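Student: Generate a structure from the sequence data that follows.
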Amino acid sequence: FFYPTLRKIFPPIGFFRYPVKFVLLATFCFPLLAAFAVARMTQEISREDARRVSRATIALAVAFTAAVAAIVWCSYHVPLRGEPFTASWQHGAGRVAFLAAILGLVLVLRHRTTTAQRLGLALALVLAVAFDGLTHTNEQNPGIKPDLYAPGLLREHWKQNGLDAEIAPGGLRAWTPRPAYEELLRRMVSDAGNDYLCHRLAQFADSHLLDGIPFADGFYSLYLMEHHQIWSLIYFAPTNRPAEALLDFLGVAAMPAATNIFHWQPRPSAMPLVTIGQAPAFADEDATLTGLRAADFNPREKVFLPPELKRAVHAVREPAARIVSQSFAAERIELAVETTEPTMLVVAQSFHPAWRATVDGQPTRVLRANHGFQAVALPPRAHRVTLVYEDEFFRAGMSVTLFSALVDRKSTRLNSSHGYISYAVFCLKKK
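Tutor: Numbering: from 1, shown residues only. Coordinates of the predicted model:
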């Protein structure tokens, strides 16, 4: 309940879906912690504390200067390809100069008492930090025209090429094979705008997000293990024997042409995200991965399940089974189905224990299918199937975090109250 509500109030928090993304919170906190440290250092403190602050500041300066010197030394003795030593030592000297200026301003700020002096030094400190950031990676990311980020650019390009596949979230997908991807990695255009346009038209990395085009592999900083193993099967498949059946199962409806990576071609054999009527084939992990790459694999008729499910699943192949209607949301899938025999419902999205399923309102198990995807065993005459993503561990973590924040807030207030009481007692005694 808390996480969906928070997403409605502040939608960008949906970006923090993978653990590594929470590093961004620390990235924003570090400057605040540094600001609090500077504020504490410039307050009235005892002479002994002042000496400790000075020694710690000098020690930091020496340590960072030594680190910069070590980097410059490595640049001279073990240079990277295309890395001029002149740029390295000049850049290193600039960092040391800014470091000395910033730490020097902090130390001088401690000894100035007038408001004008402190305000001037504080402004100089902010400018020094700003110029340090602006100059240490000068023009690392060149700018391009905003028009090149316009949504729908690739879809318009597809229409011009006669490609009108129903590729959208909850439906079919696109895919960039290895030869095209490596071609984009090797080659660049001198003009930054034209280079990005080429990469976007070929859907390199995460550029497909601007067009709302789902990809079979996605672009994330953290992958599920089984998902990555499936990706390896299709990415490293021989060019003369592509994993066509697996691409069909993944719903790949568009791929770049072999002779022109900017010309996208349709794949009419792509399957929808959710299919029904397959018969289960029970196999261990190695046999499943081998079977997915086999020439006779037909994902429309067969789905691989772990061998330990053999006694629990009694589904059969039912060609007459069909999906009458379907609805897709961010964390919910609703389906209306028609079956006469027990059969399988297969979903070509990554398996995760947080997914829950119900069939005609009755809870049922979401099974691991085709090594890293989802399936639900349907009873005869099933009508409605619902899959919902409910991560109880994430909710528990959010609850612990909220509780800790409340306890910390209360403790802070108590400590402040004790401080005021102690000060009042001291004043009374003094009187």
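Student: from the chain's centre, how far out does stretch 275-292 sit?
Tutor: With CA atoms, centre = their mean, to the nearest Å as the basis, stretch 275-292 stands 29 Å off its chain's centre.
Student: pLDDT at residue 421, what is it?
Tutor: We have a pLDDT of 46 for residue 421.
Student: Repeat that for residue 14.
Tutor: pLDDT recorded at residue 14 is 66.
Student: Please shift the residue numbers so they start at 53 in all later answers.
Tutor: I'll keep to 53 as the first residue from here, and by that count the last item is residue 66.
Student: what does stretch 356-368 rub up against?
Tutor: Contacts of stretch 356-368 from elsewhere in the structure, counted by CB atoms under 8 Å, 6 or more residues apart in numbering, are 330-336, 339-340, 343-344, 393-396, 419-423, 427, 429-430. Using the backbone N, CA and C atoms, a C-beta is placed for each residue, glycine as well.
Student: likewise stretch 248-255?
Tutor: With CB under 8 Å, 6+ apart as the test, stretch 248-255 has contacts from 196, 200, 205-206, 209, 226, 228, 232, 236, 241, 257, 259, 262, 265, 267, 308, 313-314.
Student: Any of those buried? List them.
Tutor: Buried members of the contacts of stretch 248-255, counted by 16 or more other CB atoms under 10 Å: 205-206, 209, 226, 228, 232, 236, 259, 262, 265, 267, 308, 313.
Student: now, which of those residues lie within helices?
Tutor: Counting by DSSP state H, these place 205, 206, 209, 232, 236 in helices.
Student: Among the residues you listed, which pair sits farthest apart?
Tutor: For those, the farthest-apart pair by CB to CB is 205 and 232; their separation is 18.1 Å.
Student: so where's the stretch 53-202 of the chain uncertain?
Tutor: Low-confidence segments of the stretch 53-202 of the chain (pLDDT under 70): 53-55, 64-74, 134, 164-165, 190-193.
Student: Who are the packing partners of the host helix or strand of residue 85?
Tutor: Element membership for residue 85 (DSSP states H and E) is helix 75-93. In terms of contacts (3 or more CB pairs under 8 Å, 6 or more residues apart in numbering; DSSP states H and E), helix 75-93 is packed against helix 137-161.
Student: tilt between the helix it packs on and helix 75-93?
Tutor: Orientation check (axes from the mean of the first three to the mean of the last three CA atoms, to 10 degrees): helix 137-161 against helix 75-93 gives 50 degrees.
Student: who touches helix 137-161?
Tutor: Contact with helix 137-161 is made by 90, 93-94, 106, 109, 112-113, 116-117, 120-121, 123-124, 127-128, 131, 170, 173-174, 176-177, 180-181, 183-184, 187-188, as judged by CB under 8 Å, 6+ apart.
Student: Now do the helices for the stretch 153-302 of the chain: every range, in order, please.
Tutor: Taking DSSP state H, counting those that start in this stretch, the helices of the stretch 153-302 of the chain run over residues 167-188, 205-212, 230-238, 244-253, 277-287, 296-301.
Student: Now tabulate those in TSV and tack on distance to residue 222.
Tutor: Below are the helices of the stretch 153-302 of the chain laid out as TSV (distance: least, CB to CB, whole Å):
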stretch	distance to residue 222
helix 167-188	42
helix 205-212	16
helix 230-238	25
helix 244-253	23
helix 277-287	18
helix 296-301	16
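Student: most neighbours per residue, which of those?
Tutor: Neighbour counts (mean count of other CB atoms under 10 Å) averaged over each of these peak at helix 296-301, with a mean of 20.
Student: Report the mean confidence score over it.
Tutor: 94.
Student: so what does that helix touch, helix or strand wise?
Tutor: If contacts are counted by 3+ CB pairs under 8 Å, 6+ apart, helix 296-301 sits against helix 277-287, helix 337-345.
Student: mind checking which of those helices is nearest residue 293?
Tutor: Closest approach to residue 293 among the helices and strands packed on helix 296-301 (CB to CB): helix 337-345, 8.7 Å.
Student: Packing partners of that closest one?
Tutor: Packed next to helix 337-345, using 3+ CB pairs under 8 Å, 6+ apart, are helix 277-287, helix 296-301, strand 354-357.
Student: Compare the mean pLDDT across the ones you listed and name the weakest.
Tutor: Looking at the helices and strands packed on helix 337-345, the bottom one is helix 277-287 with a mean of 90.
Student: contact partners of that one?
Tutor: Here helix 277-287 makes contact (CB under 8 Å, 6+ apart) with 227, 229-230, 268-269, 275, 294-295, 298-299, 302, 341, 344-345, 402-403, 420, 422-424.
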